[in-house]
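Trainee: need the 3D shape of this:
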Amino acid sequence: MADVQIDELDLQLIELLSRDARVSNRKVASELGVTEGTVRGRIKRLQQDGLIAFTAITSFGMAKNSRLAFISIQADVDRVREIAHEISGLPMINAVMITMGQFNILAVCLISELDQLVETASDRILGIPGVHHVETSIAVKTIKYNARMAKITSRGVVEDDGD
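Mentor: The predicted structure follows:
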């Protein structure tokens, strides 16, 4: 992504949309003191620049018999980014993060059968050159899950959403 510039109006627009992306452009324009055309143009530019996207976020209720599973991975430090990208290409994997601590990669997936987790973790991920060890965990009860758990700010840091 090129060096994208955003200003205070963009930040205010993003903040309003992050609270309710279904709000009308007319209402946003009124709250920000600009025209509806300005709001439409800004939203279009922010989408084209890859800074915002609109999507329906499903709950775990949609997953029916699926369970959230975590795969913690120890990989060669000098290849961690390359390995993380390779893991992200596996169809079963929904999220991949580079972490600090005992494990340097965390992969997240939804499984309906334990065999799926074994095949993904033991056969696919452990078979990647540079991966030394994997450990799996399965969420047995979700107490709280907030799909908006973190927002990326203009400074590139992640902030807690406060929920």
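
Trainee: from memory Asn94 sits against Val108, does it?
Mentor: Yes: at 5.4 Å, Asn94 and Val108 qualify as touching, with contact defined as CB atoms under 8 Å. Every residue, glycine included, has its C-beta placed from N, CA and C.

Trainee: bridged to the residue most central in space within the chain, which residues?
Mentor: With the centre of the chain defined as its mean C-alpha position, the nearest residue by CA atoms, centre = their mean is Ala95, 6.5 Å away. Using DSSP bridges, the beta-bridge partners of Ala95 come out as Val108.

Trainee: can you pull the buried residues of the helix or strand where Glu15 lies?
Mentor: When secondary structure is defined using DSSP states H and E, the element that contains Glu15 is helix 8-19. Applying a neighbour-count criterion of 16 or more other CB atoms under 10 Å, the buried positions in helix 8-19 are 10, 12-14, 16-17.

Trainee: beta partners for the residue nearest to Ala139 when sequence neighbours are not counted?
Mentor: Leaving aside its chain neighbours, Ala139 sits nearest to Leu68 (4.1 Å; criterion: CB to CB, 6 or more residues apart in numbering). Per DSSP bridges, residues listed as beta-bridge partners of Leu68: Leu110.

Trainee: for the chain, what spans make up the strands?
Mentor: Remark: strands of the chain, listed N- to C-terminal, are 67-75, 93-98, 105-111, 131-138, 150-152, 158-160; assignment by DSSP state E.

Trainee: domains in the chain, by residue range?
Mentor: Per automatic domain parsing, the structural domains of the chain span 8-56, 60-138.

Trainee: how long is the first one end to end?
Mentor: Spelled out, that is domain 8-56. Start-to-end span of domain 8-56 (CA to CA, to the nearest Å) is 27 Å.

Trainee: where are the low-confidence patches of this protein?
Mentor: 1-2, 57-65, 146-163 (pLDDT under 70).

Trainee: picking up where we left off before, off-centre distance for the helix holding Glu15?
Mentor: Distance, stretch centre to chain centre, for helix 8-19: 19 Å (CA atoms, centre = their mean, to the nearest Å).

Trainee: got the contact list for that helix?
Mentor: Residues outside helix 8-19 that contact it (CB atoms under 8 Å, 6 or more residues apart in numbering) are 6, 23, 28, 31-32, 34, 38-39, 42-43, 46, 51-52, 148, 151, 154.

Trainee: then stretch 93-112?
Mentor: By CB under 8 Å, 6+ apart, the surrounding residues in contact with stretch 93-112 are 63-75, 77, 80-81, 83-85, 87-88, 90, 92, 116-117, 120, 125, 135, 138.
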